[in-house]
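Undergrad: okay, here's the prediction I keep looking at, along with the sequence it came from:
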2 protein chains.
Amino acid sequence: MIVSRVTIHDVALEAGVSDSTVSRALRGLDRVDDSTRRKVQEASKRLHFQFSRNASSLASGKTMRVSLLLADSLNTWFDSSVLQGAYEILSPAGYDVVPSLAGTSERLDGFFDRLPSNGNVDGIMVGSINLNAAQSNILKQLSIPSVGLDSRTIDGFDASVLLDDGQAMIDAVGLLKNMGHRHIAFVGWPAPGDLQLSSQLRADTFIKAALEQGFADDEVHNLSLGKASDYRSKEDALEAAVAQLLSLYPRPTAICVETDGFAVPLIAKLRHFGIRVPEDMSVIGFDDNDLASVVGLTTIHQNPVEMARLAARKMLELMRGGQPDEPHAVVRPILMMRGTTAAAR
Amino acid sequence: MIVSRVTIHDVALEAGVSDSTVSRALRGLDRVDDSTRRKVQEASKRLHFQFSRNASSLASGKTMRVSLLLADSLNTWFDSSVLQGAYEILSPAGYDVVPSLAGTSERLDGFFDRLPSNGNVDGIMVGSINLNAAQSNILKQLSIPSVGLDSRTIDGFDASVLLDDGQAMIDAVGLLKNMGHRHIAFVGWPAPGDLQLSSQLRADTFIKAALEQGFADDEVHNLSLGKASDYRSKEDALEAAVAQLLSLYPRPTAICVETDGFAVPLIAKLRHFGIRVPEDMSVIGFDDNDLASVVGLTTIHQNPVEMARLAARKMLELMRGGQPDEPHAVVRPILMMRGTTAAAR
DNA sequence: TTGTAAGCGTTATCAA
DNA sequence: TTGATAACGCTTACAA
C-alpha cells in the first residue's frame, strides 16, 4: 500500500481553508485565528501530513540542515563524539546534521570549491581539520555561518571552540619535570590521511613548552612516525615507535603521546619489550577516552561531546542571525593523574 | 562578499543554451552534443555553479538522502561504525546520510508516525533497534526501501544484515563447556534507554545454547541489571554486577558479557575484589572493539563497519529499483581466543 | 539534439 | 485574519 504524498493543499481542502492558511497555522505563526489553527491541525493529523522539506527550503531559502565536516572517519572517538554533541543541540532545534568526510586534502579542496555556491545547508561546522589560508578565505566569503571546532586557527570562522592544548602541554611538561625527568619526548602517531589535523600540532606545542621550562634542545625529542600508509599495520607503526624511542641516547624516561588511542597499545608494546611502565618509562596520553580510564593511563582530558554542544549552540545563534556572546571560546583540557607516570629513577 | 546563488539559468545564459540543456548536460544524460556539453561544463565551472539539491529533489522526487536510525548515541562503538560503513558506500553514490536517534521508545513511535508521508528521504536504514509489529507494518507500507541492520527481526525490511548471535552463543558455551566450566552466567548490561536493543536478546540465546549443550537449569544464570537509570553511574552498575555474580551459589566460574564495553571494566572490578581473571573467573565479551584486543579479552568478534557497508549496498540497489541478490544476509560473528578464559579449576 | 513549458510543494507578498 | 498569486530552482514531457 503506497501512500502518495499528502500536500499542504490536501490539508487545506480537508480543513476548508486556503493553502497559505495551512502553512501559517502549522508553522505556528501569529495572525491565525485559534479556531482556524485547531481545525487545520486536526485535518493535518487526520491526513498524516508532513511538510516537504525540499519544498519549504526552496521557497524559504532555509534548508534546516547543517553540514559537519570531519577528517577521516566517523567512527573515531573524537569525531563520533563531535557528531553526537552537535546532534544533541541541532536536532531538537529542527536541524538535520549531515556529516561529511574530507578524507584527503584533495577532496577537502573539492569540498571548499563547491562550498560558496552551495545553498544546500544553513551552516557548516568543521572539526579537527586545519584549514589553509585559501580555505579560510572561502569561509569568510560564505553567506552562511561557519564554526570551527578544535581547529587551530579561528581564521575564517564566525565562531569556534578551541582546545587550549598549549596549556595542556605546559601542564604535561611541568608534571614530568617535577617528577625528575630530564629526557622527554613527544610521540606523534601516523596520521591516516594527508590532512593536517589539529592534534598533530601538539608536537610543536610540547617542544615549545619543554624549552620554556628549561629543557635543553637535546633533552626533548619529537618522534614523528610519518603517515599511516608507510606501515602495513598499526602493529608495525607501534614497533617503529618503540624502536625510535629506544634508539635515542640517552633514552628518554618519559613520553607524551598524541592520542590515547596510540598511547595505550604503545604501552603494551613497550612492556612486551621489557620496558616497564611507569618504572622505566612514564607515559602521558591525550584525550581521556574510554580506554584511558580502564587501563589507568595518565592523560590529558578533553570532552569533545561538550565542545561540540558548545559549538552547535553558537551555530544556532549564528543561524538565527544573532551573534554568540563569546564567538571564540577556548576550552582548557585537564591533566589527569593515573598510573602510567612515576618519578624518574 | 556574499555570493548570491548561481542558478542553472545563469549557466544557460553564459553558455548560450537553454536551461534544460544545462540540466541534461551537467547530469551526464545522453542525447547531448559533445561540444554542447563541453560548453556547458565550462560555463558551469566558470560560474561555480552548484545544483540546488532542494530544487532537484522537488522536481524529480529523489532526495538523494537516506536516513539512518540508531538507538541512543552516535558515539558508541557500534553505532559510529555503522554510520561510517553506511557513509563509505552511500556518499560516493551521491547520497547524504542523515543520522537520527530514536532515544526513547516514545520518540521512536513518533519517528514512525512521521515516516509514511515523509518524502524527505529516499531510504531508511535501521540499526540495532528491535521494532515492534506495528513499526514493522509501517515499514512494509512505505513507498521507500528500508533495510535493517542487526535487528533481530527482518520483518518489514526490504533487506537486512543480521548478526547470527545464536551461533556465536553456541560457540561461547561450547568453549566454556570444553574448558570444564559447570556453572556459567550471562551478564547483560544496563541499557541506556527503554528501547529494545538487539544485543539484549543475546541473554536468551545464551541460555538456550547452554541448555541445549547439556547445562542444567540451575547451572546457567541470566544476570540482568535493569536500566542505566537505576544507577547513579556506570561504576555503580559494575558493583551491582559483581555483587549479583558473587552472591550466586555455587558461584559461576565463567561468564559471557553482553558487550566488551561492559566486560572490560567488569573485569577490572572483579580483580579489584580479588577475583582473578581468568583463574577464578573466565570472561567472554562480545564485539571485539578496540579495548578488547588491547586488554586481551576473549570475545566474539563482529565488524559493524563491514555489516553497514553490506546493508548500504543493498539499500543502493533497492533505491535503484532493483532487488539485491541476497536481500537478507546473515553474518556470523567469530569467537576470538584471548587471555580472559582458562580451564575451570 | 535542443527548446518550451508545465509542474514539484512550499513560502512570501500583497490584497481583501 | 485570510486568500490569491508569484516566486524558489530544477526536471521532464513534449515539440521543434
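TA: Happy to help now that I have it. Numbering: from 1, shown residues only, chains lettered A, B, ... in the order given.
Undergrad: any low-confidence regions in chain A?
TA: By pLDDT under 70, the low-scoring segments of chain A are A:1-4.
Undergrad: show me where it has its helices.
TA: For chain A, the helices defined by DSSP state H occupy A:8-15, A:19-27, A:34-46, A:53-60, A:77-90, A:105-114, A:133-141, A:165-178, A:202-212, A:234-246, A:260-272, A:290-295, A:304-319.
Undergrad: keeping just the C-alphas, turn the fifth one into PDB.
TA: Read that as helix A:77-90. What follows is helix A:77-90, C-alpha atoms only, in PDB (Å, rounded to 0.1, in the frame of the first residue of the first chain):
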ATOM      1  CA  TRP A  77      36.500   8.600  19.400                       C
ATOM      2  CA  PHE A  78      36.800  12.300  18.700                       C
ATOM      3  CA  ASP A  79      34.800  12.600  15.500                       C
ATOM      4  CA  SER A  80      31.900  10.500  16.700                       C
ATOM      5  CA  SER A  81      31.700  12.500  19.900                       C
ATOM      6  CA  VAL A  82      31.600  15.700  17.900                       C
ATOM      7  CA  LEU A  83      28.800  14.400  15.800                       C
ATOM      8  CA  GLN A  84      26.900  13.300  18.900                       C
ATOM      9  CA  GLY A  85      27.300  16.700  20.600                       C
ATOM     10  CA  ALA A  86      26.300  18.600  17.500                       C
ATOM     11  CA  TYR A  87      23.300  16.300  17.000                       C
ATOM     12  CA  GLU A  88      22.100  16.800  20.600                       C
ATOM     13  CA  ILE A  89      21.800  20.500  20.100                       C
ATOM     14  CA  LEU A  90      20.900  20.800  16.500                       C
END
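Undergrad: angle of that helix against helix B:77-90?
TA: Interaxial angle, helix A:77-90 versus helix B:77-90 (axes from the mean of the first three to the mean of the last three Cα atoms, to 10 degrees): 90 degrees.
Undergrad: so which bits of helix A:77-90 are buried?
TA: Using 16 or more other Cβ atoms under 10 Å in any protein chain shown as the test for burial, helix A:77-90 gives A:77-90. Where you see a C-beta, it was placed from the backbone N, CA and C, and this is true even at glycine.
Undergrad: output those of these also counted as contacts of chain B.
TA: Among the buried residues of helix A:77-90, the residues within reach of chain B (Cβ under 8 Å from any Cβ of the partner chain) are A:W77, A:D79, A:S80, A:S81, A:L83, A:Q84, A:Y87.
Undergrad: contact residues of chain A facing DNA strand C?
TA: Residues of chain A lying close to DNA strand C (Cβ under 7 Å from any atom of the strand) are A:5, A:7-9, A:19-20, A:23, A:27, A:49-52, A:55-56, A:58-61.
Undergrad: out of these, which end up buried?
TA: Neighbour counting over the residues of chain A next to DNA strand C (16+ other Cβ under 10 Å) leaves A:T7, A:I8, A:S23, A:F49, A:Q50, A:F51, A:S52, A:A55, A:S56, A:L58 as the buried ones.
Undergrad: how close does whichever residue of the stretch 151-300 of chain A sits closest to DNA strand C get to chain B?
TA: Closest residue of the stretch 151-300 of chain A to DNA strand C, Cβ to the nearest atom of the strand: A:D158 (22.0 Å). Distance of A:D158 to chain B, given as Cβ to the nearest Cβ, to the nearest Å: 13 Å.
Undergrad: tell me the bridge partners for the residue sitting nearest the centre point of chain A.
TA: Centroid-nearest residue in chain A: A:G127, 3.7 Å away (criterion: Cα atoms, centre = their mean). Following DSSP bridges, A:G127 is listed with bridge partners A:L149.
Undergrad: isn't it right up against A:S73?
TA: No - in this structure A:G127 lies outside contact range of A:S73 using Cβ atoms under 8 Å: 12.0 Å.
Undergrad: identify the contacts common to those two.
TA: Shared contacts of A:G127 and A:S73 (Cβ atoms under 8 Å, 6 or more residues apart in numbering or on different chains): A:D79.
Undergrad: dump the buried residues of helix A:77-90 to a markdown table, plus distance to DNA strand D.
TA: Formatted as a markdown table, the buried residues of helix A:77-90 follow (distance: Cβ to the nearest atom of the strand, whole Å):
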| residue | distance to DNA strand D |
| --- | --- |
| A:W77 | 38 |
| A:F78 | 35 |
| A:D79 | 31 |
| A:S80 | 33 |
| A:S81 | 35 |
| A:V82 | 30 |
| A:L83 | 28 |
| A:Q84 | 33 |
| A:G85 | 32 |
| A:A86 | 27 |
| A:Y87 | 28 |
| A:E88 | 31 |
| A:I89 | 28 |
| A:L90 | 24 |
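Undergrad: which single one of those is nearest to B:M281?
TA: A:W77 (28.9 Å; Cβ to Cβ).
Undergrad: excluding chain neighbours, what is closest to the closest one?
TA: Distance criterion Cβ to Cβ, 6 or more residues apart in numbering or on different chains; nearest residue to A:W77, sequence neighbours excluded, is A:N289 at 4.5 Å.
Undergrad: what do you get for A:V305?
TA: Nearest one to A:V305, counting by Cβ to Cβ, 6+ apart, is A:G85 at 4.1 Å.
Undergrad: so what's the one you found up against?
TA: When contacts are counted by Cβ under 8 Å, 6+ apart, A:G85 is found next to A:P304, A:V305, A:E306, A:M307, A:A308, A:R309, A:L310, A:A311, A:A312.
Undergrad: of the residues you listed, grab the buried ones for ChimeraX.
TA: Buried residues among the contacts of A:G85 (16+ other Cβ under 10 Å), as a ChimeraX selection:
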select /A:304,305,307,308,309,310,311,312
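Undergrad: so which of the contacts of A:G85 is the closest to B:K234?
TA: For those, the nearest to B:K234 is A:V305 (15.5 Å; Cβ to Cβ).
Undergrad: contacts only, for the closest one.
TA: A:S81, A:V82, A:Q84, A:G85, A:E88, B:N75.
Undergrad: also A:S282?
TA: A:S282 makes contacts with A:L176, A:M179, A:H181, A:T253, A:A254, A:I255, A:T298, A:T340, A:T341, A:A342, A:A344, as judged by Cβ under 8 Å, 6+ apart.
Undergrad: hey, what's it bridged with?
TA: A:A254.
Undergrad: how close does it get to A:D171?
TA: Per Cβ to Cβ, to the nearest Å, A:S282 is found 14 Å from A:D171.
Undergrad: can you name the two of the buried residues of helix A:77-90 that are farthest apart?
TA: Among these, A:W77 and A:L90 lie farthest apart (Cβ to Cβ), at 20.5 Å.
Undergrad: export the helices of chain A to CSV and tack on distance to B:G193?
TA: Converted to CSV, the helices of chain A look like this (distance: least, Cβ to Cβ, whole Å):
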stretch, distance to B:G193
helix A:8-15, 33
helix A:19-27, 29
helix A:34-46, 26
helix A:53-60, 26
helix A:77-90, 14
helix A:105-114, 35
helix A:133-141, 37
helix A:165-178, 34
helix A:202-212, 36
helix A:234-246, 33
helix A:260-272, 27
helix A:290-295, 19
helix A:304-319, 17
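Undergrad: what's the closest of those helices to A:S67?
TA: Here helix A:105-114 is closest among those (Cβ to Cβ), at 9.1 Å.
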